[in-house]
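1. this one's structure only:
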């Protein structure tokens, strides 16, 4: 113990001298080295509180040295630490002491985990701005040099990101040194470092004097663009964008274009892919003149590249490329130089290429106007609507709004309908799920009559789909449709059909009724809810399946706020009380929960809306119990598994980042791993009948 | 230590191998004869500096040995390898979907190029690849506010000042921690993993497919080769090994059970189902037999450090191929030709399916591979001399020079020769490794690891 305590501070005396405030901080400090990662993380996130309590002096002399050595910790802790230190200048005594933060960040900048290093570099960049020019040269620049000359390539990669922040504020001599360091990293032995240098080349070019850009950056760019490693060359394409922005047209033509042309014809498809992927940026950077003379021919080549990945990437850029062409003469260029290639792609052998094109082709109609669209594009749309690959059709349908603006959707509706129906019944549930999401949009564009006539039955059929995710999306869809078409429509078209399902022999269908009611009640309003939905829910409280009964409790809790107090008191409360006495503990649990919410509302003066706790939250983590008494014991589990599986699979399938790998291969045969395994489970789960 | 991997030092560091006298250095593992299944060594691999040597076994363990710093006084013996870290890399698992047991046996270990003070390696069993970090820690934090160092709580009311923990030196601790788990990408058994020279990707190969991974991304991989026929009845060959070129990042090869090697260029297209080169030697009709196809199956393929050549091992021979010549190997070495007449019995006891590995020395001038009876063979590519040595506990005094062994193929047996019939086919050397810079080799017998080095005068 440090001996700062006064003489009167015995074991019993602490209460008096106000040191109570130290206790929480003491806990936080101790937990910096707790065995539980969560607690350590928590402490690190409250580092500013600790620093504030310690004061600037002790933060500098004790806390920072401790943190400098903390590099053995878990990644998430280190990441949080790196982030905290970026905003720490005030806590160590202001800009004059900003350099004290450099040692811990320096050690974090050498760890193997890229996210941590990147965060440390980000914080270092932030802190560099708080250094005075003198401090920058005295403390920050030496750090950058140390990292740049480090033994391990992790430190050298981190250095690459720091040059551009110190360069503008350094003196001429130091600037020359910085350039020299960067040059040597560009020809480092390890591809990791060359990649880091290549990816920061553009950023550094922006802060360099124009002469240095021409005399130093361009040669580095040229050499990185012809590196033996594909992964380095493809990053040079990115740098090309920034460098091109800095140079005049003549310099551009002389210094950059030869390299860019070479990249567009690189032997490695990954490099060509990168050119295709960065095409819009390149187009903006080089300006209209070079675009016409160089980029359009290059683009044509990319559209008919031998590698499907490249064609797909180029196809994605068709719309942006056309939009960014100078308005004058745009139509002619598109019609003569782009459209012929697009026509080829519509019947490409690779479905990713076709679906990439389908996702942007509709956008051309606004650029080309009504007549060209009808004459040239419409046949393509129609062909794609009949494509064998569902994704292509889906992409066309999802972009219908573009065409709607130009020629009206009626032109398409005859071809549209079969396409929609087919997708709605596709064997892949992900496809069915995807088309549901476009239903509200389609409904809006096609109008209520067309919808009632052709699409309504599809929407109802999804409610009894055998995949939970589809049923769930179908209920949400109904809600959106009601929002669009109004409550009257709901009452006449949707509600009766939903309520009929309450008598279905299949308990999953009966539950779907409840889920629909949950979703629809708010959109439909008090009258319909009380008159039509509530009686059905109340009746279902006597269902023989416990899963249905506890969902009744949850539904009652959910629709409670919409009902008036009389209905609550007369109808809801008795039912919940009965469910509260149910033989099944899960039913009891949810009934109790609902009762407490409803009761709160009943005791509140009218007009003040009750706050309904999130029922979902409380259910989570509560494992469903296996049931006895002649009911299928595994059912609840299976249901849950199916749901978890489909949710995870949907998430994996639709929200999984596609650009995680630096390499472009977003559409190579992605291994059907977790997602597919889960999918299989989902399909295996039988659609149990009672 | 200098982290950058320099080719130059490798070429000058290692001797030619022609006049090397190999001496016993160390033996690791249990001495008793009854071998526990879990202790059987399944892979051996030096890291890029040669300072660390990793072994994997059937029990899913990885043992890492570290070379001691050179002893100035005893200059005649170079640093011995001592256990540095041991950890359980894989556990037995059960695939409930397919009702299959997944063995914990480590099929391959590959070291990553060193990126910082810690070391990283990939280890794989049949299904799952793991990235391990092996790091040292020599400091630990001390000082709590609310408790004593021994864990007893202090009366919180006595806390009147805050105390920040400080790091104090402690005994060196080596930790192995799993950093990434690359799972669920292989339907068949993984036979190879290989790290790309771009330092950011690696491949993994099973019987029918090759996948490409990013070292930092575990939730997706890309399938680059798929030889699975639509109808499995039409299956005629399987992938037996695959490796990336040591410095050309877009090139990799894979070998097949039919004795061919395919070289693929990843620049040409995203899917490498079509090879750019096919290395295959026309079969000698005079040697044709029932076993021809089985013994031509390639059990290992390794690029030379220079990247100019590759070596393949089939059941009876080692072949060196020039990457620029597809129609025949530039060199062929017979490993144990005397077994050709024994193929029938080797088929019956399943030995014919043994997967022997092979390795290059640091300067690519000598190659080494294993045989039966705990014999291993070395072939000097310049002098064309070859030698048979035995890994045995006899003569295991340090610096004992290993005596060359001879197997007698014909009827008349000379003194010092061993008859083919007396070879022990249960003692086989499948896994060997050569230090990347020095003449130090690691040879795995069933459950022992032998380390030999050249005699330093």
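-> Happy to help now that I have it. All figures in this text were calculated on a predicted structure; none of them were measured in a lab. Numbers count the residues shown, from 1 in each chain, chains lettered A, B, ... in the order given.

2. what about whichever residue of the stretch 351-500 of chain A sits closest to chain B, how many neighbours?
-> The nearest approach of the stretch 351-500 of chain A to chain B comes at residue A:352, 10.3 Å away (Cβ to the nearest Cβ). For the C-beta atoms, the positions are set from N, CA and C on the backbone; glycine is no exception. Residue A:352 has 20 neighbours, counted by other Cβ atoms under 10 Å in any protein chain shown.

3. need the phi and psi values for it.
-> With angles defined as degrees, to the nearest 10, residue A:352 sits at phi -70, psi -40.

4. on the pLDDT front, check it for me.
-> At residue A:352, the model reports a pLDDT of 94.

5. could you list the low-confidence segments of the stretch 101-250 of chain B?
-> The model of the stretch 101-250 of chain B has no residue with pLDDT under 70.

6. can you give me the strands for it?
-> B:108-111, B:119-124, B:129-142, B:166-182, B:192-195, B:201-205, B:209-214, B:222-226, B:239-244 (DSSP state E, counting those that start in this stretch).

7. just checking, what packs against the first one?
-> Secondary-structure packing of strand B:108-111 (3 or more Cβ pairs under 8 Å, 6 or more residues apart in numbering or on different chains; DSSP states H and E): strand B:41-46, strand B:52-57, strand B:119-124, strand B:192-195.

8. got it, and the second one?
-> Here strand B:119-124 touches strand B:52-57, strand B:108-111, strand B:129-142, strand B:192-195, going by 3+ Cβ pairs under 8 Å, 6+ apart.

9. can the longest one be said to contact chain A?
-> Yes. Contact check for strand B:129-142 against chain A, using Cβ under 8 Å from any Cβ of the partner chain: residues in range are B:133, B:135, B:137, B:139, B:141.

10. and the residue of the stretch 1-150 of chain B found nearest chain A, how many neighbours?
-> As assessed by Cβ to the nearest Cβ, chain A sits closest to residue B:145 within the stretch 1-150 of chain B, at 3.6 Å. By the criterion of other Cβ under 10 Å, residue B:145 has 23 neighbours.

11. again with residue A:369
-> With other Cβ under 10 Å as criterion, residue A:369 counts 12.

12. buried sites along the strand or helix carrying it?
-> If you go by DSSP states H and E, residue A:369 is part of helix A:364-372. Neighbour counts over helix A:364-372 (16 or more other Cβ atoms under 10 Å in any protein chain shown) mark A:364, A:365, A:366, A:367, A:368, A:372 as buried.

13. which one of these sits closest to residue B:56?
-> Proximity of those to residue B:56 (Cβ to Cβ) peaks at residue A:364, which lies at 57.0 Å.

14. is it true that that closest one touches residue A:321?
-> No. Using Cβ atoms under 8 Å, residue A:364 is not in contact with residue A:321, being 10.3 Å away.

15. rewinding a little: now do the helix holding residue A:369: distance to the chain's middle.
-> Mean C-alpha position of helix A:364-372 versus that of the full chain (Cα atoms, centre = their mean, to the nearest Å) differs by 32 Å.

16. now for that helix, which elements pack on it?
-> Packed next to helix A:364-372, using 3+ Cβ pairs under 8 Å, 6+ apart, are helix A:318-324, helix A:330-333, helix A:400-407.

17. and the longest one with helix A:364-372, angle?
-> What it means is helix A:400-407. Taking axes from the mean of the first three to the mean of the last three Cα atoms, to 10 degrees, one finds helix A:400-407 and helix A:364-372 inclined to each other by 30 degrees.

18. what mean pLDDT does helix A:400-407 have?
-> 81.

19. pull out the buried residues from the helix or strand that that helix is followed by.
-> Downstream of helix A:400-407, the first helix or strand assigned by DSSP H and E is helix A:410-424. Neighbour-count burial for helix A:410-424 flags A:411, A:412, A:413, A:415, A:416, A:417, A:419, A:420, A:423, A:424 (criterion: 16+ other Cβ under 10 Å).

20. mind listing what residue B:236 touches?
-> By Cβ atoms under 8 Å, 6 or more residues apart in numbering or on different chains, residue B:236 lies in contact with residue B:258.

21. what parts of the stretch 201-350 of chain B come near chain A?
-> Within the stretch 201-350 of chain B, the positions near chain A by Cβ under 8 Å from any Cβ are B:201, B:211-212, B:214, B:216-217, B:219-224, B:226, B:247-250, B:266-271.

22. buried sites along stretch A:454-467?
-> A:454, A:455, A:456, A:458, A:459, A:460, A:462, A:463, A:464, A:465, A:467.

23. one step back: now the helices and strands packed on helix A:364-372 as TSV including mean neighbour count and distance to chain B?
-> Converted to TSV, the helices and strands packed on helix A:364-372 look like this (neighbours: other Cβ atoms under 10 Å in any protein chain shown; distance: least, Cβ to the nearest Cβ, whole Å):
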stretch	mean neighbour count	distance to chain B
helix A:318-324	19	21
helix A:330-333	14	30
helix A:400-407	18	30
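
24. any idea which of the ones you listed gets closest to residue A:347?
-> helix A:318-324 (15.6 Å).

25. and the closest one, how far out from the chain's middle?
-> With Cα atoms, centre = their mean, you get 25 Å for helix A:318-324.

26. packing partners for that helix?
-> Taking 3+ Cβ pairs under 8 Å, 6+ apart as the contact cut, helix A:318-324 packs with helix A:279-290, helix A:351-361, helix A:364-372.

27. could you give me the average pLDDT of that helix?
-> 94.

28. contacts for it?
-> Contacts of helix A:318-324 (Cβ under 8 Å, 6+ apart): A:279-280, A:283-284, A:291, A:299, A:303, A:330, A:334, A:338, A:342, A:357, A:360-361, A:363-364, A:367.

29. buried among those? Need that as a selection in PyMOL.
-> Applying 16+ other Cβ under 10 Å to the contacts of helix A:318-324, the buried members can be selected in PyMOL as follows:
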select buried, chain A and resi 279+280+283+291+299+303+334+338+342+357+360+361+363+364+367
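
30. I appreciate the help and will end here.
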